[in-house]
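**Student:** dropping the sequence and predicted coords here.
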Amino acid sequence: MKVSKFGGTSVASAEQIKKVASIVQSDPTRKFIVVSAPGKRFDSDKKVTDLLIDLATVALNNMEVETQLQLVLDRYKEIAKGLGLEQPICDVIEEDLRQRVLIDKSDKEFFIDNIKASGEDNNAKLISTYFTSIGLPAQYVSPKTAGLVVNNYPERALALPEAYENLSKLNDINEIVVFPGFFGFTADGLLRTFDRGGSDITGSILAAAVHASLYENFTDVDSVFCANPRVVNDPMEIEEITYREMRELSYAGFSVFHDEALMPVYKAGIPVCIKNTNNPSATGTKIVSIRKGKHRPITGISADSGFSILYVSKYLMNREIGFGRKLLQILEEENISYEHTPSGLDDISVIFRSHQLTTENETRIIKRVKEELHAEDVHFRHEFSMIVLVGEGMNNNTGLAARAATAISRTGANIEMINQGSSEVSLSFGVHRSNENKILQELYKEFFAAVTVG
Ligand SMILES: Nc1ncnc2c1ncn2[C@@H]1O[C@H](COP(=O)(O)OP(=O)(O)O)[C@@H](O)[C@H]1O
Ligand SMILES: N[C@@H](CC(=O)OP(=O)(O)O)C(=O)O
């Protein structure tokens, strides 16, 4: 039996949800259906999750909530109408959202998580009602009653081991299970959401828990492509990719599948297939443990912006035992996680995601590194992107870094950092954000357009 997750674009409108129903109807082994909140219907549209974040923000600022609340309710009302559903389901959703807005706001993160999670929760209720209305026996299942237990980490929770044992009991349900993605509950009953895009994670946890034969992830593209189709024109499709490659690429910018969604299915040995709700007969991309046959050394190239660099220089840093540890400890105390630490004789750079920085912690970090480590030059640089080349065939292929660097040099861009990942399946380049797209296009040309398999 399969677990099928439908992303925001697949459940964005009545028309899309009808496609979901026919996909589910066409295969009786599609037993567990995980749904996201309604996503974008067109490019300039707003996801329901983003509307809910706006709602939470106005509520926390003690401003009038009615306008934001109606924007969310209107999305569900339009969907319900298009699906021919009666008023009661809209009343259930409205009552639920109004109750959530009244939750005590003293724990700000708990309040935000509760509002955000309503997007998937109410959509699951609506979709199970629709399935039943068209003769597909279905049941909405709450992550709370099903025991999707997570740790107490706001907006980025992780599932606890007992969640798998609890969720395995869902196998006893005869009807189709419609399960909301994106959130779980702590052992004390507090609602916590996963990271953005985290309905993929719910699907993976559920697939591992019920020992699914396949985890299907339905989205709005025929497959995972070798590079972002919004930047590279008509990129090649990936038919098969390993868990390891997919995790590296997802973490580094392939937004089509969340990187944290790989581990649960990987550990349980469950294959994953990325498919298109708008074209379900397309083969899609299979994520597997081992790929057979010969392949290009590079499987995919991803790019992600939003990185900053902390540059630290001190004469004879190389002779000073513990310098790196002390520097990273300062960052730890500022609650900052880092991605790379390239270093030279007298200098070291720490690269991390910029969203963790504020004017206050930047000033504090510079002051501490200067005073406590007696560094000579300490400064931040912003607006960087990381371009990551990923491929299982990379470790026995010499000259790849040189080819990539030459391709980048053709764009006239400067390489700020190079890092060969310890896993030996990735090679990263730090570049200025303004050059990101042209570098991605040039690297695609170098490794995919011009190369034959062999
Ligand atoms: N390498 C890639 N392959 C396929 N899609 C990609 C890639 N990189 C980015 N994307 C984007 O990911 C989108 C699908 O992810 P997402 O918007 O999260 O979908 P969903 O609503 O189904 O969760 C695609 O429309 C595509 O623009
Ligand atoms: N709705 C949540 C979770 C999610 O997975 O959404 P999507 O399937 O649209 O990526 C978000 O926007 O983050």
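**Tutor:** Cool, the structure landed. Ligands and ions are numbered 1, 2, ... in the order given.
**Student:** what values do phi and psi take at the closest residue to ligand 1 within the chain?
**Tutor:** Here the chain gets closest to ligand 1 at one residue, residue 7, 2.1 Å apart by Cβ to the nearest ligand atom. C-beta here means a position set from N, CA and C on the backbone, and glycine is covered the same way. Main-chain torsions, residue 7, degrees, to the nearest 10: phi -80, psi 180.
**Student:** can you give me the buried ones in stretch 185-193?
**Tutor:** Neighbour counts over stretch 185-193 (16 or more other Cβ atoms under 10 Å) mark 185, 190, 191, 192, 193 as buried.
**Student:** contacts only, for the third one.
**Tutor:** Residue 191 makes contact with 110, 113, 114, 117, 144, 183, 184, 185, according to Cβ atoms under 8 Å, 6 or more residues apart in numbering.
**Student:** which of these lies closest to residue 377?
**Tutor:** residue 113 (41.1 Å; Cβ to Cβ).
**Student:** what about the closest one, neighbour count?
**Tutor:** Here the count is done by other Cβ atoms under 10 Å, and residue 113 has 21 residues near it.
**Student:** what's the closest non-adjacent residue to it?
**Tutor:** In space, and not counting its chain neighbours, residue 113 is closest to residue 193: 4.7 Å by Cβ to Cβ, 6 or more residues apart in numbering.
**Student:** can you name the residues bridging to the one you found?
**Tutor:** residue 183 (DSSP bridges).
**Student:** that one contacts residue 116, correct?
**Tutor:** Yes - with contact defined as Cβ atoms under 8 Å, residue 193 counts as touching residue 116 (5.3 Å).
**Student:** what sits in contact with each of these two?
**Tutor:** Counting by Cβ under 8 Å, 6+ apart, the residues touching both residue 193 and residue 116 are 155, 182, 183.
**Student:** of the residues you listed, which are in range of ligand 1?
**Tutor:** When Cβ under 6 Å from any ligand atom is applied, no member of the shared contacts of residue 193 and residue 116 is adjacent to ligand 1.
**Student:** any idea which of those the model trusts least?
**Tutor:** Across the shared contacts of residue 193 and residue 116, the bottom pLDDT score, 92, is held by residue 155.
**Student:** is there contact, residue-wise, from stretch 133-147 to ligand 2?
**Tutor:** No - Stretch 133-147 lies out of reach of ligand 2 by Cβ under 6 Å from any ligand atom, never closer than 13.3 Å.
**Student:** list the buried residues for that stretch?
**Tutor:** Quick answer for stretch 133-147 (16+ other Cβ under 10 Å): 136, 138, 140, 141, 143, 146, 147.
**Student:** one more: stretch 357-366?
**Tutor:** Neighbour counts over stretch 357-366 (16+ other Cβ under 10 Å) mark 357, 362, 365, 366 as buried.
**Student:** residue 380 is in contact with the second one, correct?
**Tutor:** Yes - counting by Cβ under 8 Å, residue 380 is a contact partner of residue 362 at 5.7 Å.
**Student:** residue ranges for the strands of the stretch 301-450 of the chain, please.
**Tutor:** Per DSSP state E, counting those that start in this stretch, the stretch 301-450 of the chain carries strands over the ranges 347-353, 377-390, 415-420, 426-432.
**Student:** walk me through the domains of this protein.
**Tutor:** 2-220, 300-453 (automatic domain parsing).
**Student:** pull up the distance across the longest one, start to finish.
**Tutor:** Criterion Cα to Cα, to the nearest Å; first-to-last residue distance in domain 2-220 is 19 Å.
**Student:** what separates that domain from the chain centre, distance-wise?
**Tutor:** Taking the mean of its C-alpha atoms, domain 2-220 sits 16 Å from the chain's own mean (Cα atoms, centre = their mean, to the nearest Å).
**Student:** now do stretch 284-303
**Tutor:** With Cα atoms, centre = their mean, you get 19 Å for stretch 284-303.
**Student:** where does pLDDT dip in the stretch 201-350 of the chain?
**Tutor:** 293 (pLDDT under 70).
**Student:** recalculate using a threshold of 80.
**Tutor:** 292-295 (pLDDT under 80).
**Student:** ligand 1 contacts on that one?
**Tutor:** Going by Cβ under 6 Å from any ligand atom, the residues of the stretch 201-350 of the chain near ligand 1 are 219, 220, 221, 224, 225, 227, 228, 229, 230, 254, 255, 256.
**Student:** what sits closest to the first one if chain neighbours are left out?
**Tutor:** Computed as Cβ to Cβ, 6+ apart, the closest residue to residue 219 that is not its neighbour in sequence is residue 7, at 4.8 Å.
**Student:** what separates the one you found from residue 444, distance-wise?
**Tutor:** 25 Å (Cβ to Cβ, to the nearest Å).
**Student:** for the residue nearest to residue 113, what are its contacts?
**Tutor:** Residue 193 neighbours (Cβ under 8 Å, 6+ apart): 113, 116, 117, 154, 155, 157, 182, 183.
**Student:** can you tell me which of the residues you listed is nearest residue 335?
**Tutor:** The closest of those, once distances to residue 335 are taken by Cβ to Cβ, is residue 154, at 13.0 Å.
**Student:** on the three-state scheme, that closest one is what?
**Tutor:** When classified by DSSP: H, G, I helix; E, B strand; the rest coil, residue 154 comes out as coil.
**Student:** ok, it to residue 215 distance?
**Tutor:** Taking Cβ to Cβ as the measure, residue 154 falls 26 Å from residue 215.
**Student:** so those two - more neighbours on which side?
**Tutor:** Each of residue 154 and residue 215 has its neighbours counted (other Cβ under 10 Å); residue 215 has more, 28 against 15.
**Student:** with adjacent residues omitted, what lies nearest to the closest residue to ligand 2 within the stretch 51-200 of the chain?
**Tutor:** Of all residues in the stretch 51-200 of the chain, residue 199 sits closest to ligand 2, at 3.3 Å by Cβ to the nearest ligand atom. Of all residues not flanking residue 199 in the chain, residue 181 sits nearest, at 2.5 Å (Cβ to Cβ, 6+ apart).
**Student:** now do the contacts for that neighbour.
**Tutor:** 5, 34, 35, 36, 120, 198, 199, 200, 201, 202, 203.
**Student:** show the subsequent helix or strand relative to the longest helix anywhere in the chain.
**Tutor:** Counting residues, the longest helix found in the chain (DSSP state H) is helix 108-133. Counting by DSSP states H and E, the element after helix 108-133 in chain order, helix or strand, is strand 138-140.
**Student:** can you name every helix or strand that the next helix or strand after that next one contacts?
**Tutor:** The C-terminal neighbour of strand 138-140 among helices and strands, as given by DSSP H and E, is helix 143-146. Here helix 143-146 touches strand 176-180, strand 183-185, going by 3 or more Cβ pairs under 8 Å, 6 or more residues apart in numbering; DSSP states H and E.
**Student:** good, wrapping up.
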